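Peer 1: When you get a sec, could you give me coordinates for this:
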Amino acid sequence: QVQLVESGGGLVQAGGSLRLSCAASGRTTSSYAMGWFRQAPGKEREFVAATEWNVIITMYADSVKGRFTISRDNAKNTVYLQMNSLKPEDTAVYYCTGGRYAGSHFSWDNWGQGTQVTVSS
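Peer 2: Predicted structure coming up:
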């Protein structure tokens, strides 16, 4: 079983930056893919960014391309989401997720509890 714990959320003004972290523990595999989703009030959870083990393959939602960067430290089993040029529409609960990357496709098995990001205008 894998546990994912997010940190780094908070309140920031529009145009500011935040960095989210997610530490994985438990039965992760050597090829564990990790990513981020978010859910705003009244909306469905949506994909934000993902990376496979070597950070060679990364994917981003169009809405965050050029502003957000996903990275990871495999020695620490931790994935990061650097969020720059934040907008009020980025306000959401951000969830860390972990799973697999195969056949050019990510699939997700584990979820964190979420961390709130609020961007004020």
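Peer 1: from here on, contacts and neighbour counts on C-alpha atoms
Peer 2: Noted.
Peer 1: remind me which residues of the protein are low pLDDT?
Peer 2: 30 (pLDDT under 70).
Peer 1: let's go with 90 and repeat that
Peer 2: Within the chain, the segments meeting pLDDT under 90 span 1, 26-32, 53-56, 102-104.
Peer 1: what's the strand or helix carrying M59 in contact with?
Peer 2: For M59, the host element (DSSP states H and E) is strand 58-60. Contacting residues not belonging to strand 58-60 are listed as 47-52, 70 [CA atoms under 8 Å, 6 or more residues apart in numbering].
Peer 1: List the residues that contact the most centrally placed residue in the chain.
Peer 2: Residue closest to the average C-alpha location in the chain (CA atoms, centre = their mean): W36, at 2.4 Å. The neighbours of W36, taking CA under 8 Å, 6+ apart as the test, are 47-50, 81, 94-97.
Peer 1: again, but for K87
Peer 2: K87 sits next to 14-15, 119-121 when contact means CA under 8 Å, 6+ apart.
Peer 1: rerun that using 6 Å as the cut-off
Peer 2: Taking CA atoms under 6 Å, 6 or more residues apart in numbering, we find K87 in contact with A14.
Peer 1: what about it, distance to V2?
Peer 2: Distance of K87 to V2, given as CA to CA, to the nearest Å: 32 Å.
Peer 1: Just grab the bridge partners of the residue nearest to the centre of the chain for me.
Peer 2: Note on W36: beta-bridge partners by DSSP bridges are A49, C96.
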